[in-house]
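S.K.: how would this look folded up:
(4 chains)
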Number of protein chains: 4
Amino acid sequence: MTSYVSVIGPGDAATAEDVDHARRAGNLLARAGHVVITGGLNGVMEAAADGVRAAGGTALALLPGRNRDDASPGHSIVIPTGMGEMRNALVVRAADAILAIGGSWGTMSELSLALRTGVPVVALGGWEMPAPGVEEASSVEDAIRRIGRVLP
Amino acid sequence: MTSYVSVIGPGDAATAEDVDHARRAGNLLARAGHVVITGGLNGVMEAAADGVRAAGGTALALLPGRNRDDASPGHSIVIPTGMGEMRNALVVRAADAILAIGGSWGTMSELSLALRTGVPVVALGGWEMPAPGVEEASSVEDAIRRIGRVLP
Amino acid sequence: MTSYVSVIGPGDAATAEDVDHARRAGNLLARAGHVVITGGLNGVMEAAADGVRAAGGTALALLPGRNRDDASPGHSIVIPTGMGEMRNALVVRAADAILAIGGSWGTMSELSLALRTGVPVVALGGWEMPAPGVEEASSVEDAIRRIGRVLP
Amino acid sequence: MTSYVSVIGPGDAATAEDVDHARRAGNLLARAGHVVITGGLNGVMEAAADGVRAAGGTALALLPGRNRDDASPGHSIVIPTGMGEMRNALVVRAADAILAIGGSWGTMSELSLALRTGVPVVALGGWEMPAPGVEEASSVEDAIRRIGRVLP
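M.R.: Numbers count the residues shown, from 1 in each chain, chains lettered A, B, ... in the order given. Below is the predicted model of the structure:
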């Protein structure tokens, strides 16, 4: 059965390293046959989708707004939810596992909701966690291995 | 650019004719290159997805519940929204056009919301409409032609 | 226990009769001790809230947008949902019973969702219904009596 | 104009001190004329509502489930959203300011979303924050003063 992995992380505030990590992670997740879900915009979301596209995989954008054209180009399926940042809850709910790359308050809101609702979270880089629950990866390859182990 | 068509209609209350129409409509929409969205369950939703799958297209399920396994098998991408019948609003919002096949109160809720928010609706069979706004098709082929004309 | 009645109906398209009915209905519902919920805007929503306020009751607005100031003035509690027309599903879900006054596609979307999910609907004026399920009232007083009978 | 303050914090995981803080905070917020919003359940949510009720104020519950009876008794208005933990986004969106008491992943998800969307957050106790943005209060009285300064 296909698994779904949401790749979350900062948009405007993504670092060059976050973007590099996200592109490679998206690529590896797609090669492993997983559907990748993102919030559809720039930064980590865009880079993950670009990596998926390069592998010929499926990247699904769950946009906050109502305009499909807002999605960054790597996404092959685009859902404009019109729910604003409430769409973060859909990004979490639709996932079998979460890969968090880099840190921001938006990322933190998704990661926290995932831990609250029992969706496994692997993190690469980003903020120090205020409590246990997240698996911290040491590299993109380590992150993908850890994601593979928590998928159904 | 890919267009998205939501095929809506009754689940348990679908007639044999609704199911036949939905399967053929899903097939023709997929052959025309459109992504087909449904509410993910049985009846018209299941038949439309089966038609899409037979054409090798993409059928996206927006499920009311949280369990991905609830989707009928023709769907290639499954999003468990956990929003209950509130997901009807997502089915409408994600669509460039709506094809309604058969009648039920759930179908009516989606069709009405589409007309309220400016999403074009083509109907095949189903209930008599209480006000103008819906394009009534005379056959599956006529419905697909009409959908084609209202897509962006 | 307090009961919750959602008064639904057209905004811009409300007739003078709809507005008069809504004001009197809001007033009687508040006198009976019910909390009145509306979509928070003009027309039937505004008039129902005005009637509630004149009785010293509670009118709760569930606004589609993010700006609390968009609510019409009779509402004593205002929730800006930011969900757009998806908030119609909250208006229905929050209600023990629905009173529909007048007709529009937005009204139809709420009324249909109510019937789909088992929330009783009483209608006063408005569109002809495409299927059974709605109790049709002959006057404001008759509507309030019928609402009283279906409340928990 | 009435202001709306969401009091957020752990349910089952609330400490005795969190509960004491929440009750006193709810009481002071109600005395100041604010509407208090909570997630409607136990722990900090229940205690805040109890404090509001003792002051004769309005405590609004935004429940995750569909059953109005799940709300703890201090709430005077209860909205069963049926959205699950997605209702956290409504708790944030409906607020002019957030008072976070104690720490949990659910609390963190709301607080993070507030900072992401520009809703001011004052915290009393709870987890160490991973980034700046939250005002840390030293007592219930200090928290209420800080809330008063950020309200519109």
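S.K.: who touches the longest helix along chain A?
M.R.: Using DSSP state H to define each element, chain A has its longest helix at helix A:16-31. By Cβ atoms under 8 Å, 6 or more residues apart in numbering or on different chains, the surrounding residues in contact with helix A:16-31 are A:5, A:7, A:9-10, A:14, A:36, A:43-45, A:47-52, A:54-59, A:74, A:99, A:101-102, A:124-126, A:140-141, A:143-144, A:147. C-beta here means a position set from N, CA and C on the backbone, and glycine is covered the same way.
S.K.: for the record, mean pLDDT for it?
M.R.: Helix A:16-31 carries an average pLDDT of 98.
S.K.: quick revisit: are any of the contacts of helix A:16-31 buried, and which?
M.R.: A:5, A:7, A:9-10, A:14, A:36, A:43-45, A:47-52, A:55, A:57-59, A:74, A:99, A:101-102, A:124-126, A:140, A:143-144, A:147 (16 or more other Cβ atoms under 10 Å in any protein chain shown).
S.K.: just to be sure, which of those residues are found in strands?
M.R.: Among these, DSSP state E puts A:V5, A:V7, A:V36, A:A59, A:L99, A:I101, A:L124 in strands.
S.K.: and of the residues you listed, the nearest to C:M108?
M.R.: Of all those, A:A59 has the smallest distance to C:M108: 36.3 Å, by Cβ to Cβ.
S.K.: got a list of what that closest one touches?
M.R.: The contact partners of A:A59, taken as Cβ under 8 Å, 6+ apart, are A:26, A:30, A:35-38, A:48-49, A:52-53, A:74-77.
S.K.: now with 7 Å?
M.R.: The neighbourhood of A:A59, defined by Cβ atoms under 7 Å, 6 or more residues apart in numbering or on different chains, consists of A:G26, A:V36, A:T38, A:A48, A:A49, A:V52, A:R53, A:G74, A:H75, A:S76.
S.K.: where's A:S72 relative to D:V92, distance?
M.R.: Note on A:S72: its distance to D:V92, by Cβ to Cβ, to the nearest Å, is 26 Å.
S.K.: thought A:V52 was touching A:G74?
M.R.: Yes: with contact defined as Cβ atoms under 7 Å, A:V52 counts as touching A:G74 (6.0 Å).
S.K.: mind listing what A:I144 touches?
M.R.: By Cβ under 7 Å, 6+ apart, A:I144 lies in contact with A:A25, A:L28, A:L29.
S.K.: the second one: neighbour count?
M.R.: Using other Cβ atoms under 10 Å in any protein chain shown, A:L28 has 21 neighbouring residues.
S.K.: what's the answer for the last one, then?
M.R.: Look at A:L29: counted by other Cβ under 10 Å, it has 28 neighbours.
S.K.: and it, how far from chain B?
M.R.: Applying Cβ to the nearest Cβ, to the nearest Å, the value for A:L29 to chain B is 15 Å.
S.K.: one step back: the longest helix of chain A: which residues count as buried?
M.R.: A:D18, A:V19, A:H21, A:A22, A:R23, A:R24, A:A25, A:G26, A:N27, A:L28, A:L29, A:A30.
S.K.: ok, the contacts of A:I144 vs chain D, which is closest?
M.R.: A:A25 (21.4 Å; Cβ to the nearest Cβ).
S.K.: rewinding a little: more neighbours: which of A:S72 and D:V92?
M.R.: Neighbour count, other Cβ under 10 Å: between A:S72 and D:V92, D:V92 has more, with 27 against 22.
S.K.: and the contacts of the helix or strand harbouring the more buried one?
M.R.: D:V92 is part of helix D:87-93, with elements assigned from DSSP states H and E. Residues outside helix D:87-93 that contact it (Cβ under 7 Å, 6+ apart): A:85-86, A:89, A:113, C:66, C:80-82, D:6, D:8, D:37, D:39, D:62, D:64, D:81, D:98, D:106, D:109-110, D:113-114, D:117, D:119.
S.K.: could I have the buried ones of those as ChimeraX selection syntax?
M.R.: The ChimeraX command for the buried members of the contacts of helix D:87-93 (criterion: 16+ other Cβ under 10 Å) is given here:
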select /A:85,86,89,113 /C:80,81,82 /D:6,8,37,39,62,64,81,98,106,109,110,113,114,117,119
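S.K.: can you tell me which of the contacts of helix D:87-93 end up in strands?
M.R.: When DSSP E is applied, the contacts of helix D:87-93 are split such that C:P80, D:S6, D:I8, D:I37, D:L62, D:I98 fall in strands.
S.K.: could you dump the residues you listed into a markdown table and include distance to chain A and pLDDT?
M.R.: Shown next, in a markdown table, are these (distance: Cβ to the nearest Cβ, whole Å; pLDDT from 0 to 100):
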| residue | distance to chain A | pLDDT |
| --- | --- | --- |
| C:P80 | 11 | 98 |
| D:S6 | 15 | 98 |
| D:I8 | 12 | 98 |
| D:I37 | 16 | 98 |
| D:L62 | 13 | 98 |
| D:I98 | 13 | 98 |
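S.K.: select, from those residues, the two members most distant in space.
M.R.: Counting by Cβ to Cβ, the most remote pair of the ones in strands among the contacts of helix D:87-93 is C:P80 and D:I8, 17.7 Å apart.
S.K.: what parts of chain A come near chain B?
M.R.: Within reach of chain B by Cβ under 7 Å from any Cβ of the partner chain, chain A has these residues: A:V35, A:T58, A:L60, A:R66, A:I77, A:I79, A:P80, A:T81, A:G82, A:L90, A:R93, A:A94.
S.K.: pretty sure the fourth one contacts A:G82?
M.R.: Right, the one you point to is A:R66. Yes: look at A:R66 against A:G82 with Cβ under 7 Å: they come within range, at 4.3 Å.
S.K.: now A:I77: phi and psi?
M.R.: When read as degrees, to the nearest 10, the backbone of A:I77 gives phi -130, psi 130.
S.K.: and for it, the neighbour number?
M.R.: 22.
S.K.: what's near enough to touch it?
M.R.: Applying Cβ under 7 Å, 6+ apart, we find A:I77 in contact with A:T58, A:L60, B:V35, B:T58, B:L60, B:I77.
S.K.: how does it look with 6 Å?
M.R.: A:L60 (Cβ atoms under 6 Å, 6 or more residues apart in numbering or on different chains).
S.K.: with just CA atoms, put stretch A:68-76 into CSV.
M.R.: Extracted C-alpha coordinates of stretch A:68-76, given in CSV (Å, rounded to 0.1, in the frame of the first residue of the first chain):
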residue,chain,number,x,y,z
ARG,A,68,-4.3,26.8,-7.4
ASP,A,69,-1.7,28.9,-9.2
ASP,A,70,-0.1,29.7,-5.8
ALA,A,71,1.5,26.2,-5.7
SER,A,72,5.2,25.9,-6.4
PRO,A,73,5.8,24.0,-9.7
GLY,A,74,7.1,20.6,-8.4
HIS,A,75,3.6,19.7,-7.2
SER,A,76,1.7,17.3,-9.5
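S.K.: mind listing what's buried in that stretch?
M.R.: Quick answer for stretch A:68-76 (16+ other Cβ under 10 Å): A:R68, A:A71, A:S72, A:G74, A:H75, A:S76.
S.K.: next one: the closest residue to the fourth one other than its chain neighbours, what pLDDT does it get?
M.R.: Using Cβ to Cβ, 6 or more residues apart in numbering or on different chains and skipping the chain neighbours, the partner closest in space to A:G74 is A:A49 (3.0 Å). The pLDDT attached to A:A49 in the predicted structure is 98.
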